[in-house]
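K.L.:
Need a 3D model of the following:
(chains A and B)
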Amino acid sequence: MVEIVVYVFPIDVEKVRRMELDAGKCEEKVKALGLTPKNVDPTWREEAKTVKRLRAKAGRNLPEDWVQRWLLGRISPEDIEEVDEQPSIIVVDPELGFRAEDIAEDFSFGNGCTIGGVRLKDGRWVECGFVVLDHADKAKADELLPALKKIFKGLG
Amino acid sequence: MSIGPRVSFYGIPPHASRHIDGGVDEITSKLDYRAMNILQAKAINTTVFSTTSTSYVDITGLSVSITLPAASNVLVYSRVYQVYDDTANTTIYERLLRDATAIAYLILGYAGAANERYNSLIQTFQTNLAAGSYTFKLQGQVSAGTGTWGMTTGGYAGEITVIAFPY
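P.N.:
Predicted coordinates for the structure are as follows:
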């Protein structure tokens, strides 16, 4: 079952430099559209090629709340591992001038809203913003693409 | 945006040894800088990066590739002038990767106030890496809130540097 999808949008670089646009402001507005960024579950991480899932290593006797403890630095990286879950789904706004298959395969989108850039296979970075959403939101997000694009440009 | 790798190679072959049979001090004093076959690669980022991701995301511009012609020792160094989260009692993580392998972690915050600034600095020394191409990069995540890596120009830039020399 497909769990997550990432949308990549152009940003207003000057607003980012003036600190008028950041990931938190974008996330608030994305949520106001009724969409759910996937950072509610820290075990998910989307790379350009594959979606990764964090889990406890076999034989490790971790407490039930190990994910919350992991976020507080109370679980050793030695006790957990990431496994490939599914191929990634990446939707890139055409204005950016590159395609999803141009992104470096090891590039990590994480699981929330980010204002920064994407590294392409040729080594170039392109400034942009992206949001990783629950796949259940994909149909709704596709309908809301113009509104999402405005948010990442600081216009929404 | 001044980001992207810059690689230089000071590959003058070592000459015949002239500092054998000495003690440590003597050997050090006679090392010929030009004969050390040092490789370096560096990337600088001068743009602000922010994220609400609770799993690791690549930090803009802080990725560098290097090709080792032979087995090498490698010093990896990354620095970001100021890192902060807009929410109190949150944790900011960084990790340094060599290709898909995490080689160093850094934890910032934990019980700090909202928007409390931290310097981010990671240094690690990798010994006897086999010849070949490697990509080193910095990733970050937050436990909650919005994490910001405040990289701008001059001394406020973010950087990642790799220095390699023969094993």
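K.L.:
and the strand or helix carrying A:Y7, what other elements does it pack with?
P.N.:
Element membership for A:Y7 (DSSP states H and E) is strand A:4-9. Judged by 3 or more C-beta pairs under 8 Å, 6 or more residues apart in numbering or on different chains; DSSP states H and E, strand A:4-9 is in contact with strand A:44-47, strand A:90-92, strand A:125-134, helix A:138-143, helix A:145-152. All C-beta spots, glycine's among them, are computed from the backbone N, C-alpha and C.
K.L.:
could you pull out the strands for chain B?
P.N.:
B:5-10, B:38-45, B:49-51, B:57-68, B:72-85, B:91-98, B:101-109, B:118-129, B:132-142, B:147-149, B:158-166 (DSSP state E).
K.L.:
In PDB, list the C-alpha atoms belonging to stretch A:60-77.
P.N.:
Written as PDB, here are the backbone C-alpha positions of stretch A:60-77 (Å, rounded to 0.1, in the frame of the first residue of the first chain):
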ATOM      1  CA  ARG A  60      16.300  -5.500  20.400                       C
ATOM      2  CA  ASN A  61      14.100  -5.200  23.400                       C
ATOM      3  CA  LEU A  62      12.900  -1.600  22.900                       C
ATOM      4  CA  PRO A  63      10.100   0.000  24.900                       C
ATOM      5  CA  GLU A  64       6.700   0.400  23.200                       C
ATOM      6  CA  ASP A  65       7.200   4.200  22.900                       C
ATOM      7  CA  TRP A  66      10.600   3.800  21.300                       C
ATOM      8  CA  VAL A  67       9.700   6.200  18.500                       C
ATOM      9  CA  GLN A  68       9.000   9.100  20.900                       C
ATOM     10  CA  ARG A  69      12.200   8.200  22.800                       C
ATOM     11  CA  TRP A  70      14.200   8.100  19.500                       C
ATOM     12  CA  LEU A  71      13.000  11.700  18.900                       C
ATOM     13  CA  LEU A  72      14.400  12.700  22.200                       C
ATOM     14  CA  GLY A  73      17.700  11.100  21.600                       C
ATOM     15  CA  ARG A  74      17.100   8.300  24.100                       C
ATOM     16  CA  ILE A  75      17.400   5.400  21.600                       C
ATOM     17  CA  SER A  76      20.700   4.500  20.100                       C
ATOM     18  CA  PRO A  77      21.000   4.400  16.300                       C
END
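K.L.:
tell me the mean pLDDT for it?
P.N.:
For stretch A:60-77, mean pLDDT is 86.
K.L.:
By neighbour count, which bits of that stretch are buried? Give me those.
P.N.:
Buried residues in stretch A:60-77, counted by 16 or more other C-beta atoms under 10 Å in any protein chain shown: A:L62, A:W66, A:V67, A:W70, A:L71, A:I75.
K.L.:
for stretch B:143-153, same thing?
P.N.:
In stretch B:143-153, the ones that count as buried by 16+ other C-beta under 10 Å are B:S143, B:A144, B:G145, B:T146, B:G147, B:T148, B:W149, B:G150, B:M151.
K.L.:
Closest to chain A out of these?
P.N.:
B:T146 (3.1 Å; C-beta to the nearest C-beta).
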